[in-house]
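>>> Dropping the sequence and predicted coords here.
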Amino acid sequence: MMVGALHHSLRKRLKSSEPLPPHGTVLCRAAGTVLTMADAYCRDGASFMGRGDLANGAACIAYALGWLDTGAYLGIVLAEGDGSVPLLEDRYEGAAEEFLARKTCRYEILLAEAIGAVVVAAEEESEVHEGAAALVGKAAGAHERGLERQRTGDLLNALVQFSYGHGWLDAGIRTGFLRIHGRRELFTI
């Protein structure tokens, strides 16, 4: 799949997505935040792609997917999809490849630090503790997949995984399932 096709797929998913909790409830507002953030980053991705910056476009789109998939996982957003990011086939050469390498390295470090800077907000005995902990697990899984892609030289898909994982953490924090106990500047809060 190409970055443009991923963007098209995300736009389609967002158009058919909706909050699940009743209107006016706290969880409906949380779902609205998830959908608003996913839409905003989807639009940012389109803007980057329109300027020919596919690396930043892909990172924004993957981040938006992380938000949307988190909302679906938490059961507050009705959204199609399987909770994964398809492999991208776009290729880079020369200066664009150097930019992609730097960006991928930076995003790997940011996600690794972000994973270490969050804790589950819910009490261990609560019903949502396990699900909240799974949000960190989803981010850690994306980090591992990104590292594997990075080791094989597939920098675009590594970047996408790192950005996708960060989306899970930011959505978990904004919805109140996770809490920051480290560097706040790592998160969109």
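Now that the structure is in, tell me what you want to look at.

>>> all strands of this protein, in order?
For the chain, applying DSSP state E gives strands covering 18-19, 77-78, 118-120, 178-180.

>>> Columns mean pLDDT, mean neighbour count and distance to residue 127 on top of those, output as JSON lines?
Every residue, glycine included, has its C-beta placed from N, CA and C. Below are these laid out as JSON lines (pLDDT from 0 to 100; neighbours: other CB atoms under 10 Å; distance: least, CB to CB, whole Å):
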{"stretch": "strand 18-19", "mean pLDDT": "98", "mean neighbour count": "16", "distance to residue 127": "20"}
{"stretch": "strand 77-78", "mean pLDDT": "98", "mean neighbour count": "18", "distance to residue 127": "19"}
{"stretch": "strand 118-120", "mean pLDDT": "97", "mean neighbour count": "19", "distance to residue 127": "13"}
{"stretch": "strand 178-180", "mean pLDDT": "97", "mean neighbour count": "19", "distance to residue 127": "16"}
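
>>> can I get the ones you listed in CSV with distance to residue 10?
Compiled in CSV, the strands of the chain are given as follows (distance: least, CB to CB, whole Å):
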stretch, distance to residue 10
strand 18-19, 15
strand 77-78, 13
strand 118-120, 25
strand 178-180, 23
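
>>> And stretch 82-94, end to end?
Using CA to CA, to the nearest Å, the end-to-end distance of stretch 82-94 comes to 34 Å.
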